[in-house]
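K.L.:
Need a 3D model of the following:
(2 chains)
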Protein chains: 2
Amino acid sequence: MKPAVVLVSGGMDSAVVLAIARERGFACHALSVSYGQRHSAELVAAAELAKAMDVVHKTVVVDLRSIGGSALTADIAVPETPGQGIPITYVPARNTIMLSVALGWAEVLGADDLFCGVNAVDYSGYPDCRPEFIAAFARLANLATKAGVEGHRLQVHAPLIDLSKADIVREGLRLGVDFSRTVSCYQADAEGRACGRCDACRLRAEGFAGAGVVDPTRYVPMSGTPG
Amino acid sequence: MKPAVVLVSGGMDSAVVLAIARERGFACHALSVSYGQRHSAELVAAAELAKAMDVVHKTVVVDLRSIGGSALTADIAVPETPGQGIPITYVPARNTIMLSVALGWAEVLGADDLFCGVNAVDYSGYPDCRPEFIAAFARLANLATKAGVEGHRLQVHAPLIDLSKADIVREGLRLGVDFSRTVSCYQADAEGRACGRCDACRLRAEGFAGAGVVDPTRYVPMSGTPG
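P.N.:
Model (predicted):
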């Protein structure tokens, strides 16, 4: 089995990607990046997903909180109503940084394949989720590492890039992904319960609704109502 | 003054780059990456250099020791004689990762200019020091961030890329760089004293010899001889 590095955030998309990479016959190495996100519930979820799928998992620390500039890495509120343009939840250069770390681990492992869960259909409009970004990263990867010198090619797979969120749900169900283990919310609580109001919650809920299946997400009880 | 992010390792090359960026009129923001290198003397040197040049300085933690695969980030001896091919001191994807973090900080600052000290003449043969790598990273940077969406262009400057090490020494002296503050050695001791035997020490010594000036590097006393 060929090794591959799969970026796994703990959210639903990358869980589906992990299942896809496994189905394609790769020996998957799941990578999570602890970048200073608002909660660690998604990192716990990532570790549990990897364990449930019986794949190697590693979490690498990259302290983006020391740079800030995003509602996910600084003391800025997560918007709870959709806005215009690139939202403040965009983390500057996050996908470039995470793919770069994945590239480093791939090179150590001798893996020529990277997988990530970026999606350019039902997404928040982040620039680093577009197909041209992935193509440019793949080109860079082959110049940045031994691959180019040794004459083998690295590939960056983004199998969800053209799928709707509903399609991603369907693909995950086909592959037996346990969505109850995934945490999509930007501001989940320590138990992994979602806010139900942020953009990530909205996109997820619409995806499950579109696929016509029940989302197993657990929500934080609304304030003022009984838990 | 336009802001710029300058990668500063604590070694001689990036110290010269910082002086170049300052001479070009940028408001420099020096960035060091604590990636698990063998010693922290170079990070201390980077902070001191930035302070001496009166520029903002930040150190970001990226734990590449959790990935390993290099003599600089794993329990592998640093070679003390030149070998063939890409040496074991190559850190997989390091420059991609460091430029990515610089890119993130640049975006937070609203800076369109990144500077780094890569050199493709008197270097160790690392793939991520070549001009085609820098060009590919610049292309990626403009797709990865708001820049491409907002219609301004990021530039990645590598002003030393075509210079010999002797030329870099001369350029540094012209700009008043205090080379005594820089630490180039891969395995310097806690006081920043160099081993005198690794590839980084060899390239540095040849550069100063070529420029015909005295290298202020302090060396660890040879074992068996008085300090």
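
K.L.:
helices and strands of chain A: which one bottoms out on pLDDT?
P.N.:
For chain A, using mean pLDDT, DSSP states H and E, the weakest element among its helices and strands is helix A:146-150, scoring a mean of 87.

K.L.:
Let me know the angle separating the helix ranked longest in chain A from helix B:94-109.
P.N.:
With residue count as the measure and DSSP state H as the assignment, chain A has helix A:94-109 as its longest helix. Interaxial angle, helix A:94-109 versus helix B:94-109 (axes from the mean of the first three to the mean of the last three C-alpha atoms, to 10 degrees): 170 degrees.

K.L.:
rewinding a little: sort out which residues of the least confident helix or strand of chain A are buried, please.
P.N.:
Within helix A:146-150, the residues that qualify as buried by neighbour count (16 or more other C-beta atoms under 10 Å in any protein chain shown) are A:146-148. C-beta: built from backbone N, CA, C; applies to glycine.

K.L.:
Can you sort out which of these also neighbour chain B?
P.N.:
Applying C-beta under 8 Å from any C-beta of the partner chain to the buried residues of helix A:146-150, one finds that A:146, A:148 fall near chain B.

K.L.:
longest strand of chain A?
P.N.:
Among the segments of chain A that qualify as a strand by DSSP state E, the longest is strand A:27-34.

K.L.:
returning to what we had before: chain center to the least confident helix or strand of chain A, what's the gap?
P.N.:
The chain centre lies 28 Å from the centre of helix A:146-150; the measure is C-alpha atoms, centre = their mean, to the nearest Å.

K.L.:
Following element in sequence after it, please.
P.N.:
Note on helix A:146-150: by DSSP states H and E, the next helix or strand toward the C-terminus is strand A:155-157.

K.L.:
and that following strand, what does it pack onto?
P.N.:
strand A:113-115, helix A:131-144 (3 or more C-beta pairs under 8 Å, 6 or more residues apart in numbering or on different chains; DSSP states H and E).

K.L.:
of the ones you listed, which approaches chain B most closely?
P.N.:
Ranking the helices and strands packed on strand A:155-157 by proximity to chain B (C-beta to the nearest C-beta) places helix A:131-144 first, at 4.3 Å.

K.L.:
State the mean pLDDT of the closest one.
P.N.:
Along helix A:131-144, the predicted local confidence has a mean pLDDT of 97.

K.L.:
List the contacts of it.
P.N.:
Outside of helix A:131-144, the residues within contact range by C-beta atoms under 8 Å, 6 or more residues apart in numbering or on different chains are A:95-96, A:99, A:103, A:114, A:116, A:118, A:120, A:127, A:147-148, A:153-156, A:158, A:161-162, B:93, B:95-96, B:127-128, B:130, B:132-133, B:136-137, B:139-140, B:143-144.

K.L.:
For the host helix or strand of A:Leu18, name the packing helices and strands.
P.N.:
Using DSSP H and E, the secondary-structure element containing A:Leu18 is helix A:12-23. With contacts taken as 3+ C-beta pairs under 8 Å, 6+ apart, helix A:12-23 sits against strand A:3-7, strand A:27-34, helix A:41-52, strand A:113-115, helix A:165-174.

K.L.:
how about low-confidence regions in chain A?
P.N.:
Scanning chain A with the threshold set as pLDDT under 70 gives A:223-227.

K.L.:
cutoff 80 now
P.N.:
Counting by pLDDT under 80, the low-confidence segments of chain A come to A:148, A:222-227.

K.L.:
one step back: just the CA atoms of the longest helix of chain A, as CSV, please.
P.N.:
These are the backbone C-alpha positions of helix A:94-109, laid out as CSV (Å, rounded to 0.1, in the frame of the first residue of the first chain):
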residue,chain,number,x,y,z
ARG,A,94,-3.9,28.5,6.9
ASN,A,95,-4.4,26.0,4.1
THR,A,96,-1.0,26.9,2.7
ILE,A,97,0.6,26.3,6.1
MET,A,98,-1.3,23.1,6.7
LEU,A,99,-0.5,21.7,3.3
SER,A,100,3.1,22.7,3.8
VAL,A,101,3.3,20.7,7.0
ALA,A,102,1.6,17.8,5.3
LEU,A,103,4.2,18.1,2.5
GLY,A,104,7.0,17.9,5.1
TRP,A,105,5.5,14.8,6.7
ALA,A,106,4.9,13.2,3.3
GLU,A,107,8.5,13.7,2.4
VAL,A,108,9.7,12.1,5.6
LEU,A,109,7.3,9.1,5.0
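
K.L.:
by contact count, what packs against it?
P.N.:
Judged by 3+ C-beta pairs under 8 Å, 6+ apart, the packing partners of helix A:94-109 are strand A:3-7, strand A:27-34, strand A:56-61, strand A:113-115, helix A:131-144, helix B:94-109, helix B:131-144.

K.L.:
quick revisit: what's next to the helix holding A:Leu18, contact-wise?
P.N.:
For helix A:12-23, with C-beta under 8 Å, 6+ apart as the criterion, the contacting residues are A:4, A:6-8, A:28, A:30, A:46, A:49-50, A:53, A:55, A:113, A:115-119, A:157, A:159-160, A:168-169, A:171-172, A:175-179, A:181-182, A:184, A:204, A:207.

K.L.:
I'd like to know which of the residues you listed are buried.
P.N.:
Neighbour counting by 16+ other C-beta under 10 Å classes A:4, A:6-8, A:28, A:30, A:46, A:49-50, A:53, A:55, A:113, A:115-119, A:157, A:159-160, A:168-169, A:171-172, A:177, A:179, A:181-182, A:184, A:204, A:207 among the contacts of helix A:12-23 as buried.

K.L.:
quick revisit: distance to A:Pro87 added to the helices and strands packed on helix A:94-109, as CSV?
P.N.:
Putting those into CSV (distance: least, C-beta to C-beta, whole Å) gives the following:
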stretch, distance to A:Pro87
strand A:3-7, 21
strand A:27-34, 20
strand A:56-61, 25
strand A:113-115, 25
helix A:131-144, 17
helix B:94-109, 14
helix B:131-144, 16
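
K.L.:
Please report how far the nearest residue to A:Glu171 once chain neighbours are set aside lies from B:Arg170.
P.N.:
Once its chain neighbours are removed from consideration, A:Glu171 has its nearest residue in A:Val16; the separation is 5.5 Å (C-beta to C-beta, 6 or more residues apart in numbering or on different chains). As judged by C-beta to C-beta, to the nearest Å, A:Val16 and B:Arg170 stand 56 Å apart.

K.L.:
same check, this time on A:Gly207
P.N.:
Distance, A:Gly207 to B:Arg170, using C-beta to C-beta: 60 Å.

K.L.:
With A:Asp13 instead?
P.N.:
A:Asp13 is 52 Å from B:Arg170, where distance means C-beta to C-beta.
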